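Visitor: compute the structure for the input listed below.
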Amino acid sequence: DRAEYKVFDTVLEHSGPIMAYEISADGGRVVTLDGYGVLSCFPVDSGEPLWTCQVSNSMYTLNAELLSCPGDNKLIAYFSNALTAVDWDSGEVLWQQEALAENNLYLSPDEQHIAYMNYELNDAFDAYEYDFVFLSAQTGQVENVIRIGEADNSSDLENNFSNWNFSDMSSEKYRGGAFS
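Guide: Next comes the predicted model:
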């Protein structure tokens, strides 16, 4: 048997390559994030655009991600060192928060918290510092930061973990849990 696919006559205009996409919880809509920070939402049954939203004025980024919060009808976009929450139905910006996310965004099972790993170069020590950052999914406000390690800037961070310092992992703050 051959599968049949519906081909749309509508082509969504994007100002750059698609960096990320997310499908709504009901499977009826797709949101794309292009290389210039523009979110575009369209229904999968027609391809006609529902809304667009500019989440960044940056010209381009290599690091982009989308995360859906279906219980709150919210979509979180990471683009060019910022997190932006938008309403799935309207594309209205709900909040924005500066972020230097090293890895994937994570959503707690109750959809109340977002977590990611942050990194920054400490010029005084010529080393990278890594933290877990926890935000409120409702407001975007930082709730907690846990230092998880440091790595010498001159080392090969991807392959040489011998230069990492995980001394803060045994701290009271870590043992107490992220939200204690």
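
Visitor: buried stuff in stretch 25-32?
Guide: Using 16 or more other C-beta atoms under 10 Å as the test for burial, stretch 25-32 gives 29, 30, 31, 32. To be clear about C-beta, it is placed using only N, CA and C from the backbone, and glycine gets the same treatment.

Visitor: which of those residues lies closest to residue 113?
Guide: Among the buried residues of stretch 25-32, residue 31 lies closest to residue 113 (C-beta to C-beta), at 21.5 Å.

Visitor: quick one: the closest one and residue 56, what's the gap?
Guide: 15 Å (C-beta to C-beta, to the nearest Å).

Visitor: same question, residue 18
Guide: With C-beta to C-beta as the criterion, residue 18 and residue 56 are 15 Å apart.

Visitor: with residue 110 instead?
Guide: Separation of residue 110 from residue 56 (C-beta to C-beta): 28 Å.

Visitor: more crowded one of those two?
Guide: residue 56 (21 against 8; other C-beta atoms under 10 Å).

Visitor: secondary structure class for that one?
Guide: Using DSSP: H, G, I helix; E, B strand; the rest coil, the structure places residue 56 in coil.

Visitor: please name the nearest non-neighbouring residue to it.
Guide: Spatially, and ignoring its direct neighbours in sequence, residue 56 is nearest to residue 37 (3.1 Å; C-beta to C-beta, 6 or more residues apart in numbering).

Visitor: ok, that neighbour to residue 46 distance?
Guide: Counting by C-beta to C-beta, the gap from residue 37 to residue 46 is 25 Å.

Visitor: so between these two, which is more surrounded?
Guide: residue 37 (24 against 12).

Visitor: that one against residue 54, yeah?
Guide: Yes. Using C-beta atoms under 8 Å, residue 37 makes contact with residue 54 at a distance of 6.1 Å.

Visitor: which residues are common contacts for those two?
Guide: Common neighbours of residue 37 and residue 54 are not found (criterion: C-beta atoms under 8 Å, 6 or more residues apart in numbering).

Visitor: tell me which stretches of this structure form helices.
Guide: Assigned by DSSP state H, the chain shows helices spanning 172-175.

Visitor: what about it, any weak spots by pLDDT?
Guide: Scanning the chain for pLDDT under 70 picks out the ranges 1-15, 59-62, 102-103, 121-126, 150-180.
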